[in-house]
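Q: my questions are about this predicted structure, shown below with the sequence.
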Amino acid sequence: METDYNRPRRPNADTLSYLKSLPFNEVAARQEIEAYLNYQRTKKQQQQSTETDNEEAQVEEVEYPQNLSAAMSALDEIKNEVASLAGDEFGSQCLETITRITVPYSTIAARKLLHGISGYLVHLSTHRYGSHVVQTILQNALSGRGCAAAGGGGSGHDGDSDPDEEEICTILELDQQDEGSEEEEEYLPSMKDILIGISEELLPAAKQLAVHVCGSHVLRSLICILSGVEEDIPQHILNKGGTMEGGGNRRGKIKGKKKKKKKFNNDNEAGGGSGVTNNANFACYKIVARPRFDISDSTVQDCFFSFVLELTGIDLSSSDSKEQNQVGDLQQLVCNPSSGPLLIVILRVLTLAFGKTDINLGETDKTKLTIDENETINDFRLGIIGQQTKFEKDSFSEMLAKRIICWDDTIQDDSEQKQAGEVIYGLSGEIRGSHMLEVLLRTSNDDFYEKMCQAGRFFSTDAFVEYAEHDVSNFVIQTLLNTVRTRSQAESAIKCTEGIISNGFVLNGDNRRRGIFWRAVEMSAKFRIGQETILKSMRKGFNLSGVSDCVPRLICYQDPENDGGRIGLDAAGARTIYHLLRFVPRLCTEILEGILTKFSAEQLISICNDGLGSRCIIDGILEGPTRQEPFANSVKELCTKLKGHWVQLSVERVGHHTVKKIFLKLKFFEDKAAISEELSKGINRMSGNAMGRKIISECAVKDYMEGEDVWRSVVKKAMERESFLKEIVEGDTIGSTKKRKRKRKKKENDENLSKKALKAE
């Protein structure tokens, strides 16, 4: 980079030796803190108890968390060498570990670390090790698990602190520690002042950092902290950790001897010449309810607006900003492998943290904005992406979206937006540009979504086919089919896909376009439209006489190469089967026939033990209307095919779910009794692992061995409980009155069938 910047000196060898002597362990630190908190809470409850019994239960004493204490002490020792250590391979790992242990519980620790890297941000942001340290500090500095922003410059929520957070602070004795000594207060600025200084330091180099493989990630974290937003990281990744000696906190794999790097003559080779992992288009973000500094402060917002202006050319601080949207540097940044994901983060942050253009960040209903992100749980096996927060009309996000696609507000007819259409067409063919289009399709309000479709001619058959045939833009088409908003749009999409399904283009595995067929089937099942057309086109595309013959061609089952190996399945095809089984029941007969007659019992068992096959194919049958035909007969037929293998499935990590679900879905007691009888013969084998013991409980195996009357009573109660829970879930998810009436009739029919089945027994 051409920008002048300060570079820290090399780390002190004695300091590195000192850090190597500290056996930090993040997992152990979390366990110690939880154990200590539980001990102190229990002890406090006993002290407040009004019981006069002298013989109180003794609570085993738990020591103060040693890892937390050691990390706080280590931070005091190295606070003047943070920038130097950040540039060292081992020192950076130690800093990240200390950050993750201390900063969630101590605001003073966050301030010390941020102050330690101030003045060296440009250098560290472009450093292979230092950039990770800066990211980790910024990601953990915004909010704390046990701190109420003491000494952090005020959070704006002083009178409404979470009692649990205050309790944790008091128990860990970090509230007094966060007050700091007089000497520390003299040299250590407030959290807000430190972040403003960091922003002013990085702002002049923002454009260069945006296209840097490391610097763009630092800008992402800074943009989030300035807007009061943090990434919602999955728990299994958040709790990742280990010892420093074992490389538990190392970024990536431990590298061996360095090899000479390959040079690419063309920057577009190898996916744009960069191995940057881009998860920004699928990442989820949430607003921090109680940040450690006042997010609504005008100086903080000005810093955020300055970065947006520098990177996008949009002045959010001015209400009169109505510049013409022309093709320029912004479109090049969108297509860059580093700055493209950064702009996606900015779009998501604007969507989440800002509503209308006249709403300030501090006045936004933050609880309402985070509901949509949490309403839908991502079902990764089925490839279902959770519902995402959509930006409002005339909001900052819509301004940025229009700037990206060069939308001209002076043109009233959306189909005449030629420049916007050309930009959409061009972005759809770029790897990173297509990611931005996908995010726009997922987060746009309904009005802007319709405008984008009109300008990009997505529902024109000729243009649709051209998009679908391209190696990159076909993913935009998949997202389009996945995000269709209205029935009229769904009808247009069905007409566009009918031709490329009938001629076999999207069904041919060699073309790698089955994702389009999968999303088209999903859309058809969702809107209950064009289902017969889809099935008819599928038969033509495979050139087969019956729908049942198409099922094996979709699944592409392959036997495992060796004993105990995994079977091969086409992921898009398996997911397509699941959604084909969501069609109206009368159209599912041949699909069910194809699953149960075209595969042998051994193959079905292998599918039951495969994560993808079990979730998409087996659950596709069991999650249908199993009280109606043809699903009721298919469940019984599946049960017959799996007879003699129940014990084998019960001890498998994936297969035991099938045993439990089939047992619940069977209509008659005699069918359930046959399963319990077979399982009772293998109870010793099943008792040997957790999955088998769960099946013993769920299928009432021990009760069956005690007697039929006892078993029948237990199973009947389980069926009633399952029916009750199902009614509650359905009652919560029903939206309109008309749908509620249909659901009620369906439930009454199901209850009558269940009662008749019980009487028949």
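A: Perfect, I can see it now.
Q: what segments of the stretch 401-550 of the chain are helices?
A: Secondary structure of the stretch 401-550 of the chain by DSSP state H, counting those that start in this stretch: the helices cover 418-428, 431-443, 446-456, 461-469, 473-482, 487-502, 514-527, 531-542, 550-555.
Q: give me the helices and strands touching the first one, please.
A: Counting contacts by 3 or more C-beta pairs under 8 Å, 6 or more residues apart in numbering; DSSP states H and E, helix 418-428 is packed against helix 329-334, helix 396-405, helix 431-443, helix 446-456. For every residue, glycine as well, the C-beta is placed using N, CA and C.
Q: can I get those helices in a markdown table including mean pLDDT, distance to residue 423 and mean neighbour count?
A: Below are these laid out as a markdown table (pLDDT from 0 to 100; distance: least, C-beta to C-beta, whole Å; neighbours: other C-beta atoms under 10 Å):
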| stretch | mean pLDDT | distance to residue 423 | mean neighbour count |
| --- | --- | --- | --- |
| helix 329-334 | 91 | 6 | 19 |
| helix 396-405 | 92 | 5 | 23 |
| helix 431-443 | 93 | 9 | 23 |
| helix 446-456 | 93 | 9 | 20 |
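Q: so which of the ones you listed comes closest to residue 20?
A: Minimum separation from residue 20 across the helices and strands packed on helix 418-428 (C-beta to C-beta) falls at helix 431-443, 40.4 Å.
Q: rewinding a little: so can I have TSV of the helices and strands packed on helix 418-428 showing distance to residue 139?
A: Below are the helices and strands packed on helix 418-428 laid out as TSV (distance: least, C-beta to C-beta, whole Å):
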stretch	distance to residue 139
helix 329-334	23
helix 396-405	23
helix 431-443	21
helix 446-456	31
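Q: in the chain, what spans have low per-residue confidence?
A: Filtered on pLDDT under 70, the chain yields the residue ranges 1-5, 50-58, 145-169, 173-186, 233-282, 319-325, 355-381, 386, 724-761.
Q: how about the strands of it, start to end?
A: In the chain, the strands defined using DSSP state E lie at 229-231, 285-287.
Q: if we can go back for a sec, could you dump the helices of the stretch 401-550 of the chain into a markdown table with distance to residue 28 added?
A: Shown next, in a markdown table, are those (distance: least, C-beta to C-beta, whole Å):
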| stretch | distance to residue 28 |
| --- | --- |
| helix 418-428 | 48 |
| helix 431-443 | 39 |
| helix 446-456 | 49 |
| helix 461-469 | 52 |
| helix 473-482 | 43 |
| helix 487-502 | 53 |
| helix 514-527 | 44 |
| helix 531-542 | 54 |
| helix 550-555 | 46 |
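Q: please name whichever of those is nearest to residue 217.
A: Nearest to residue 217, of all these, is helix 431-443, at 14.8 Å by C-beta to C-beta.
Q: give me the contact list for the closest one.
A: 271-272, 278, 280-281, 331, 334-337, 340-341, 343-344, 347-348, 351, 385, 388-391, 397, 401, 404-405, 424, 426-428, 449, 452, 472-473, 475-476, 479-480, 483 (C-beta atoms under 8 Å, 6 or more residues apart in numbering).
Q: quick check: residue 202 touching residue 126?
A: No - judged on C-beta atoms under 8 Å, residue 202 makes no contact with residue 126 at a distance of 10.9 Å.
Q: what touches both of the two?
A: residue 209.
Q: quick revisit: adding distance to residue 196 and mean neighbour count, write the strands of the chain out as JSON lines.
A: Shown next, in JSON lines, are these (distance: least, C-beta to C-beta, whole Å; neighbours: other C-beta atoms under 10 Å):
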{"stretch": "strand 229-231", "distance to residue 196": "18", "mean neighbour count": "21"}
{"stretch": "strand 285-287", "distance to residue 196": "20", "mean neighbour count": "20"}
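Q: can you put the ones you listed in CSV and add distance to residue 501?
A: Below are the strands of the chain laid out as CSV (distance: least, C-beta to C-beta, whole Å):
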stretch, distance to residue 501
strand 229-231, 38
strand 285-287, 36
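Q: closest one to residue 302 among those?
A: Comparing the strands of the chain against residue 302 with C-beta to C-beta, the closest turns out to be strand 229-231 (17.1 Å).
Q: adjacent strands (with direction) for that closest one?
A: In the sheet, strand 229-231 lines up against strand 285-287 (antiparallel) (DSSP bridges).
Q: just how off-centre is the partner strand within its chain?
A: 12 Å (C-alpha atoms, centre = their mean, to the nearest Å).
Q: could you do stretch 83-90 as well?
A: The answer for stretch 83-90 is 31 Å, by C-alpha atoms, centre = their mean.
Q: cool, and stretch 72-90?
A: Taking C-alpha atoms, centre = their mean, one finds stretch 72-90 lying 33 Å from the centre of the chain it belongs to.
Q: for it, which residues meet the burial criterion?
A: Going by neighbour count (16 or more other C-beta atoms under 10 Å), the buried part of stretch 72-90 is 72, 74-75, 78-79, 81-88.
Q: between those residues, which sits nearest residue 34?
A: For these, the residue nearest residue 34 by C-beta to C-beta is residue 72; the value is 17.6 Å.
Q: just confirm that closest one contacts residue 102, I think it does.
A: Yes - here residue 72 reaches residue 102: they are 5.7 Å apart, a contact under C-beta under 8 Å.
Q: name the residues contacting each of these two.
A: Common contacts of residue 72 and residue 102 (C-beta under 8 Å, 6+ apart): residue 109.
Q: nearest to residue 636, out of the strands of the chain?
A: That would be strand 285-287 among these, by C-beta to C-beta, at 45.4 Å.
Q: please compute how far stretch 528-540 lies from its chain's middle.
A: That offset, for stretch 528-540, works out to 32 Å (C-alpha atoms, centre = their mean).
Q: buried set for that stretch?
A: By neighbour count with 16+ other C-beta under 10 Å, stretch 528-540 contains the buried residues 529, 530, 531, 533, 534, 535, 537, 538, 539.
Q: swap in stretch 411-427?
A: Result for stretch 411-427 [16+ other C-beta under 10 Å]: buried residues 417, 419, 420, 421, 423, 424, 425, 426, 427.
Q: mind checking how far the fifth one is from residue 224?
A: With the distance defined as C-beta to C-beta, to the nearest Å, residue 423 ends up 27 Å from residue 224.
Q: try the second one
A: As defined by C-beta to C-beta, residue 419 lies at a distance of 32 Å from residue 224.
Q: related to what we said a few turns ago, between the helices of the stretch 401-550 of the chain, which one is nearest to residue 213?
A: helix 431-443 (13.0 Å).
Q: just how off-centre is the closest one within its chain?
A: 17 Å.
Q: that one to helix 446-456, inter-axis angle?
A: 140 degrees (axes from the mean of the first three to the mean of the last three C-alpha atoms, to 10 degrees).
Q: quick one on the thing from earlier: possible to save the buried residues of stretch 528-540 as CSV with distance to residue 549?
A: Below are the buried residues of stretch 528-540 laid out as CSV (distance: C-beta to C-beta, whole Å):
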residue, distance to residue 549
529, 25
530, 21
531, 18
533, 19
534, 16
535, 12
537, 15
538, 10
539, 8
